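Student: fold the following.
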Amino acid sequence: MRGRAWFLVYAGLFLAGWPVRAQVLSADEIVTRVIQHDAERRAVLSSYRSERTYHMEYKGPIGERQAEMRVKMEYSAPDKKSFTVVSESGSTIFCHKIIRKLMEGEQEGALEANRLRSMLSPANYNLKLVGEERLNGVDAWVLEVAPKNDSQFNYKGKVWVSKADYAVIRIVGSPAKNPTVLVGSSNFDYRYAQSGKFWLPERNDTVSHLRIGGDIKLTVNYGEYRIVSAGPLGGVTSAANRVGGVGAKGLAVSLPQ
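Tutor: All right, here's what the predicted structure looks like:
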C-alpha cells in the first residue's frame, strides 16, 4: 500500500510539471477542416456586392502603358457573379482585351464545376505543412501546395490558414498552367480580410512576364463589401461591411480570381 501511495505522489508531481502537448494536425487534416468550415460559411452567405478597382501597368519594348477600371461586382449563391463597369481610363486595349477577359474568367471560375476542380483539397493537391506564422495579427499555419493535375484554375505555392477558424487568409504562388501562350510566367499574392465570420478577398497583386518582352503588373483592390444577405453564422443582414483599408474568388478555399 505504501509503495502504491508513493507511486501516486511521484506520478502527480511528474504530471504537474509535464507540459500538455497540443494536438498536432497534418496538412491534410488542416485542409479538410478548411473545407468543412468554408462549406458552413458558404451555406449562409447568399449574396454580397463590392466596388473594385483594377489597375494595370506595362513596361517593355513598346514603352509604358497603364489602364484602370472601376467595376461593381454582385455575387449570388451558389455561383453567379455579374460585373458593371463604372469607369475606365488609360489604354483601351488593356481595358477591353485584358481586364474584361479577367472578369469573364472570374465568372467562369465561379461556376460550380470549376470551383470544385480548383478546390484546395487532399484529392486535388499534394499538401505539406512547412511552418507557422503570425500574419497581420492572425496566427496561421503555412502550407506548401502542389496540384496533382495542371489546370489554369489550379496553382502551386504557399497557403496561410488561420488557426482560429480554418480560413485561408493568404495565397502566394503561380498558376499551374498559364492561361495564354503570351505569358511566360506569372506570380500572384492574394490576401483576404475578415468581415464578421466571413473572409473575403482584399487585394490581389499579380506580375506576369511576357514572352515578347516586358512585364505586366495587375493590382486589384476589392474595396468595400456590402453583405446583402447572410444567415446566423455571419450575424448580418443588409449590413455594410468594410474589408481592409484598400479593399483579393470566393470564400477562402477556391483559387481567388
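Student: contacts only, for the closest residue in space to Y58 that isn't next to it in sequence.
Tutor: Leaving aside its sequence neighbours, Y58 sits nearest to R65 (CB to CB, 6 or more residues apart in numbering; 4.3 Å). (Glycine included, C-beta is placed from N, CA and C.) The neighbourhood of R65, defined by CB atoms under 8 Å, 6 or more residues apart in numbering, consists of M56, E57, Y58, G90, S91, F94.
Student: for R100, see how far away R65 is.
Tutor: Relative to R100, R65 is positioned 16 Å away (CB to CB, to the nearest Å).
Student: ditto for E68
Tutor: Counting by CB to CB, the gap from E68 to R100 is 13 Å.
Student: can you check E74 too?
Tutor: The value you get for E74 to R100, if CB to CB is used, is 17 Å.
Student: ditto for G223
Tutor: 19 Å.
Student: more neighbours: those two, which one.
Tutor: G223 (20 against 17; other CB atoms under 10 Å).
Student: give me phi/psi at the more buried one?
Tutor: Phi and psi for G223, reported as degrees, to the nearest 10, are phi 60, psi -140.
Student: for it, give me the pLDDT.
Tutor: At G223, the pLDDT value in this model is 89.
Student: show me the strands in the protein, by range?
Tutor: 45-60, 63-76, 80-90, 125-135, 138-147, 155-162, 168-175, 183-195, 198-210, 215-221, 224-230, 237-242 (DSSP state E).
Student: would you turn these into JSON lines with distance to S26?
Tutor: What follows is the strands of the chain, written out as JSON lines (distance: least, CB to CB, whole Å):
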{"stretch": "strand 45-60", "distance to S26": "29"}
{"stretch": "strand 63-76", "distance to S26": "33"}
{"stretch": "strand 80-90", "distance to S26": "34"}
{"stretch": "strand 125-135", "distance to S26": "7"}
{"stretch": "strand 138-147", "distance to S26": "10"}
{"stretch": "strand 155-162", "distance to S26": "13"}
{"stretch": "strand 168-175", "distance to S26": "17"}
{"stretch": "strand 183-195", "distance to S26": "23"}
{"stretch": "strand 198-210", "distance to S26": "22"}
{"stretch": "strand 215-221", "distance to S26": "33"}
{"stretch": "strand 224-230", "distance to S26": "32"}
{"stretch": "strand 237-242", "distance to S26": "34"}
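Student: out of those, which comes closest to V31?
Tutor: Closest to V31 of the strands of the chain is strand 125-135 (CB to CB; 5.7 Å).
Student: what packs against the closest one?
Tutor: helix 27-44, strand 138-147, strand 155-162 (3 or more CB pairs under 8 Å, 6 or more residues apart in numbering; DSSP states H and E).
Student: below-threshold pLDDT in this structure: ranges please.
Tutor: For the chain, applying pLDDT under 70 flags the ranges 1-23, 107-118, 179-182, 229-257.
Student: could you rerun that using 80?
Tutor: Under the criterion pLDDT under 80, the flagged ranges of the chain are 1-23, 97-98, 101-119, 151-153, 177-184, 195-196, 211-212, 228-257.
Student: related to what we said a few turns ago, burial-wise, tell me which of the helices and strands packed on strand 125-135 comes out on top.
Tutor: Stretch with highest mean neighbour count among the helices and strands packed on strand 125-135: strand 155-162 (a mean of 21; mean count of other CB atoms under 10 Å).
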